[in-house]
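[1] For reference, the sequence and a predicted model appear below.
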Number of protein chains: 2
Amino acid sequence: MLKRGDSLKKETVFERFGGKGELQITHFLNVDEFNGKGRLFARNILLPGASLGLHEHVGDFETYVILSGEGLLNDNGEQKPVKPGDVIITRSGEKHSLENTGSQNLEFLALVLFD
Amino acid sequence: MLKRGDSLKKETVFERFGGKGELQITHFLNVDEFNGKGRLFARNILLPGASLGLHEHVGDFETYVILSGEGLLNDNGEQKPVKPGDVIITRSGEKHSLENTGSQNLEFLALVLFD
C-alpha cells in the first residue's frame, strides 16, 4: 500500500510533556497499522528553542534518530549534546527529554514499540 | 542509551533480492534491540540504477519511507513512481521491489516488524 506524503496524518503540539514551544509530528504509520507491535513511527520537528519535556516510558521503548539540527538530550539523567546520525534508545523504566539548542529546526525520527 | 552515528552497523550489499547494483544499509537498531518486535530499522541508500528485487514478506511486514531521490516501486504487482515523503506498507503475503530511477541516490527508511 502506498500512502503519498501529502496524505500522512500531521499534528502540531505545544509544550509536549511540559516542554517548550512547538513540535510538529508527521505520522508514517497510524496506530492501527502496527499490528499491535507499537504505537508511533513518525518524523518530528522541534522548532528553535522548543523541547520535549522529561518523561518516562512504561511498557514500551522509544528510539530517536536525529536527522538534522542540534539538540540537548537528557538520557535518563545524563545531559548529552546530539547531532545528525545519533540514535537514542529509551527503554521501559527510563526517562528522556530533548531540546532544540540550535538556530535551525531539530528533525528526528521517533519509533515507539511495545515491550 | 546514546549510539553515535559513526558507531552504527553499516553494510554494503550487491544485487539484493536479485536486484541490481549497490545498496548501503545503516542500522539504527540491531536485532537484539527490538525486544522481539521486529528485525530491521535502517536507512537505506540505493545508488543510481540500483534496485531491490521483487520479494515477498512472510510473517512480518515492512514500511518504507522515501527520504530523497526518485524511484519506481512494485507494490504487490502494481508499478508506481515514488518520491520523498511517500510511505509504502508491504504486509505479510505481499511483495515489493524498489528501483532507483533518478540520477541521485535514492534514500529511504526501512522498518520490519513481525506479524
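    Looks like it came in fine.

[2] ok, residue A:68 - how many residues close by?
    14 (other C-beta atoms under 10 Å in any protein chain shown). In this view, the C-beta of every residue, glycine as well, is placed from N, C-alpha and C.

[3] repeat for residue A:9
    Other residues within reach of residue A:9, judged by other C-beta under 10 Å, total 13.

[4] Give me the nearest residue to it, chain neighbours excluded.
    The shortest distance from residue A:9 to any non-neighbouring residue, by C-beta to C-beta, 6 or more residues apart in numbering or on different chains, is to residue A:27 (4.3 Å).

[5] And residue A:30, by the same measure?
    Nearest residue to residue A:30 in three dimensions, chain neighbours excluded: residue A:9, at 6.3 Å (C-beta to C-beta, 6+ apart).

[6] per-residue pLDDT, that neighbour?
    On the pLDDT scale, residue A:9 is placed at 98.

[7] Help me confirm that it comes into contact with residue A:29.
    No: assessed by C-beta atoms under 8 Å, residue A:9 is found out of contact with residue A:29, at 9.4 Å.

[8] Please give me every residue in contact with residue A:56.
    Under the criterion of C-beta atoms under 8 Å, 6 or more residues apart in numbering or on different chains, the neighbours of residue A:56 are A:93-95.

[9] got a list of contacts for stretch A:42-55?
    Residues outside stretch A:42-55 that contact it (C-beta under 8 Å, 6+ apart) are A:15-28, A:67, A:69, A:71, A:74, A:95-100, A:102-110, B:65.

[10] what do you get for stretch A:21-31?
    For stretch A:21-31, the external contacting residues (C-beta under 8 Å, 6+ apart) are A:8-16, A:39-47, A:49-52, A:100, B:63, B:65, B:87, B:89, B:109.

[11] List only buried entries from those.
    Buried by 16 or more other C-beta atoms under 10 Å in any protein chain shown: A:8, A:16, A:40-47, A:50-52, A:100, B:63, B:65, B:87, B:89, B:109, out of the contacts of stretch A:21-31.

[12] Just the ones in helices from those, please.
    Counting by DSSP state H, these place none of their members in helices.

[13] Next step: those restricted to strands.
    When DSSP state E defines the strands, the subset of those inside them is A:40-46, A:51-52, A:100, B:63, B:65, B:87, B:89, B:109.

[14] between those, which is closest to residue B:2?
    residue A:52 (15.6 Å; C-beta to C-beta).

[15] Okay, the closest one and chain B: tell me how far apart.
    According to C-beta to the nearest C-beta, to the nearest Å, residue A:52 and chain B sit 16 Å apart.

[16] next one: residue A:97
    Counting by C-beta to the nearest C-beta, the gap from residue A:97 to chain B is 13 Å.

[17] Please identify the buried residues of the helix or strand in which that residue is found?
    Secondary structure from DSSP states H and E places residue A:97 in strand A:95-100. Of all the residues in strand A:95-100, those buried under the rule 16+ other C-beta under 10 Å are A:96-100.

[18] Make TSV out of those residues and add pLDDT.
    Shown next, in TSV, are these (pLDDT from 0 to 100):
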residue	pLDDT
A:96	98
A:97	98
A:98	98
A:99	98
A:100	98
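
[19] interface residues of chain A facing chain B?
    Counting by C-beta under 8 Å from any C-beta of the partner chain, chain A comes close to chain B at A:1-6, A:8, A:28-29, A:33-35, A:37-38, A:41, A:43, A:61, A:63, A:65-66, A:73, A:75, A:80, A:82-91, A:109, A:111, A:113-115.
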